[in-house]
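Colleague: Sequence unavailable; structure follows:
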């Protein structure tokens, strides 16, 4: 490892990948700033460009390296951290000359002379604060390298989570976003034991011990949502929006993915959520073109998505990641077929999105306003709110003229 620096520097962070990566970057920025280093908005002003990498697919890995190379060409000192080096730091060092490669956040903090802090909070907003409740995963999904990049499942303790939420309250923030690598598995000894999930117990304590107006949940595995969760989901402080990690609407494909859930679990979650909160927004991540996916299996995904009535679909063509079982599976789907299926599922997602928004026009919803005079309802519709201040919660009647469809 290079010797630690002994002076204040200006830094800019490029972040790729999931919400946990964005949270990691925000926490890193807070820690560096606390130590006297200076965050800058533009790379041209920076002494160091920090690339927080993603390695979930081969394409994400390539893009991370491309981002580092682009900063090097701009004659900046580049440092790479995140999931890429966690999986294979040697490969990054080999392919990126004159680049600092850190296998852990602790290594980077040490290099920049930052003493480890318990809760460096990313306070760069007046609206919402992301709060990690767990990290890591023990699942063996055949396409995913996350358990190698992020390690084993670890629950963060209730007292630490509550302490951060109370800090957000003291700063008059209106919303916290609970996040994690497999956050619905909070309370499990092992994420392969979904019946142990106690997310509802954590939510109950947050409701009891804090007064934060809005509690939003990040991506959730359907198999972890126990009946007790939906008993609490009726509380209006919990945002009526569930982003589900579904990945396929076909049981045979889900089995090859080793997802640990089937289509029935997805339907159960949708039914239970709507029983508790009839206007709930249900988003889903979907992968198309998984090895061996037939036309009939893809049609099953289309049928499931339509029948469940998702409010938004996030669609990804399968991209093999070296080091995962799926990368070596036979019957690869041709690239042109993956592209066509992704386009068809996205089109269905667009129709479903329009139907969900149309069902909400005329209703009055609370909107948490952001800096651009627009904000999100609890069920994740973006609405323009002219002349409202950032951080304000404004009751607004949804109409065709004020709804922003792209959120």
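Modeller: Perfect, I can see it now. Small disclaimer: the values here were computed from a predicted structure and weren't measured.
Colleague: All the strands of the stretch 1-150 of the chain, residue numbers only.
Modeller: With strands called from DSSP state E, counting those that start in this stretch, the stretch 1-150 of the chain shows them at 10-15, 38-39, 48-53, 77-82, 99-101, 128-132, 134-135.
Colleague: I'd like these written out as JSON lines, with mean pLDDT added.
Modeller: Below are the strands of the stretch 1-150 of the chain laid out as JSON lines (pLDDT from 0 to 100):
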{"stretch": "strand 10-15", "mean pLDDT": "93"}
{"stretch": "strand 38-39", "mean pLDDT": "91"}
{"stretch": "strand 48-53", "mean pLDDT": "93"}
{"stretch": "strand 77-82", "mean pLDDT": "92"}
{"stretch": "strand 99-101", "mean pLDDT": "91"}
{"stretch": "strand 128-132", "mean pLDDT": "88"}
{"stretch": "strand 134-135", "mean pLDDT": "94"}
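Colleague: Name the stretch among those strands that sits most buried.
Modeller: Ranked by mean neighbour count under mean count of other Cβ atoms under 10 Å, the strands of the stretch 1-150 of the chain are led by strand 48-53, which reaches a mean of 26. Where you see a C-beta, it was placed from the backbone N, CA and C, and this is true even at glycine.
Colleague: would CSV of the strands of the stretch 1-150 of the chain with distance to residue 212 be doable?
Modeller: Output for the strands of the stretch 1-150 of the chain, formatted as CSV (distance: least, Cβ to Cβ, whole Å):
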stretch, distance to residue 212
strand 10-15, 25
strand 38-39, 26
strand 48-53, 27
strand 77-82, 29
strand 99-101, 38
strand 128-132, 9
strand 134-135, 19
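Colleague: And those: which comes nearest residue 215?
Modeller: Nearest to residue 215 among the strands of the stretch 1-150 of the chain is strand 128-132 (9.6 Å), distances taken as Cβ to Cβ.
Colleague: Would you give the sheet partners of that closest one, along with the direction of each?
Modeller: Taking DSSP bridges as the criterion, strand 128-132 forms sheet pairs with strand 175-179 (parallel).
Colleague: which residues does residue 258 contact?
Modeller: 139, 140, 141, 142, 325 (Cβ atoms under 8 Å, 6 or more residues apart in numbering).
Colleague: Buried ones among those residues?
Modeller: Buried by 16 or more other Cβ atoms under 10 Å: 139, 141, 142, out of the contacts of residue 258.
Colleague: what sits against the first one?
Modeller: Spelled out, that is residue 139. Contacts of residue 139 (Cβ under 8 Å, 6+ apart): 147, 182, 191, 192, 258, 260.
Colleague: now, the most widely separated pair of these?
Modeller: Taking Cβ to Cβ, no two of the contacts of residue 139 sit farther apart than 182 and 258, at 14.1 Å.
Colleague: hang on, the earlier thing: can you put the contacts of residue 258 in a markdown table and add distance to residue 31?
Modeller: Formatted as a markdown table, the contacts of residue 258 follow (distance: Cβ to Cβ, whole Å):
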| residue | distance to residue 31 |
| --- | --- |
| 139 | 30 |
| 140 | 33 |
| 141 | 31 |
| 142 | 36 |
| 325 | 36 |
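Colleague: between those residues, which is closest to residue 313?
Modeller: residue 141 (19.1 Å).
Colleague: Break down the stretch 251-400 of the chain into its helices, ranges please.
Modeller: Using DSSP state H, counting those that start in this stretch, the helices assigned to the stretch 251-400 of the chain run over residues 251-257, 263-276, 295-308, 335-360.
Colleague: In the record's domain split, what are the boundaries for this protein?
Modeller: Structural domains assigned to the chain are 10-110, 130-354, 364-404, following automatic domain parsing.
Colleague: which one is residue 228 nearest to, not counting chain neighbours?
Modeller: Take residue 228 and drop its neighbours on the chain: the residue closest to it by Cβ to Cβ, 6 or more residues apart in numbering is residue 200, 3.9 Å away.
Colleague: correct me, but the one you found touches residue 238?
Modeller: No - if you go by Cβ atoms under 8 Å, residue 200 and residue 238 don't touch, sitting 10.3 Å apart.
Colleague: and residue 357, how far is that from residue 192?
Modeller: Per Cβ to Cβ, to the nearest Å, residue 357 is found 38 Å from residue 192.
Colleague: now residue 21
Modeller: Distance from residue 21 to residue 192, by Cβ to Cβ: 24 Å.
Colleague: More neighbours: those two, which one.
Modeller: For residue 21 versus residue 192, the count of surrounding residues by other Cβ atoms under 10 Å is larger for residue 21: 18 against 14.
Colleague: can I assume that one is in contact with residue 27?
Modeller: No - contact criterion Cβ under 8 Å: residue 21 and residue 27 do not qualify, at 10.7 Å.
Colleague: number of nearby residues for residue 151?
Modeller: By the criterion of other Cβ under 10 Å, residue 151 has 14 neighbours.
Colleague: for residue 388, phi and psi?
Modeller: phi -100, psi 150 (degrees, to the nearest 10).
Colleague: Report the contact partners of it.
Modeller: Contacts of residue 388 by Cβ under 8 Å, 6+ apart are 367, 369, 373, 375, 394.
Colleague: Neighbour-wise, which one of those residues leads?
Modeller: residue 375 (29 neighbours).
Colleague: which residues does it bridge with?
Modeller: Where residue 375 sits in a bridge, its partners, by DSSP bridges, are residue 369, residue 383.
Colleague: doesn't residue 174 make contact with it?
Modeller: No - contact status for residue 375 versus residue 174: not in contact, 9.8 Å apart, counting by Cβ under 8 Å.
Colleague: quick one: common contacting residues for the two?
Modeller: By Cβ under 8 Å, 6+ apart, the residues touching both residue 375 and residue 174 are 127, 368.
Colleague: For the stretch 301-407 of the chain, give me the ranges with low pLDDT.
Modeller: For the stretch 301-407 of the chain, applying pLDDT under 70 flags the ranges 407.
Colleague: Of residue 200 and residue 238, give the one with the bigger neighbour count.
Modeller: Between residue 200 and residue 238, counted using other Cβ under 10 Å, residue 238 has the larger neighbour count: 22 against 19.
Colleague: How about that one: what's its closest non-neighbour residue?
Modeller: Of all residues not flanking residue 238 in the chain, residue 215 sits nearest, at 5.0 Å (Cβ to Cβ, 6+ apart).
Colleague: what about that neighbour, helix or strand, and which?
Modeller: Counting by DSSP states H and E, the element that carries residue 215 is strand 214-217.
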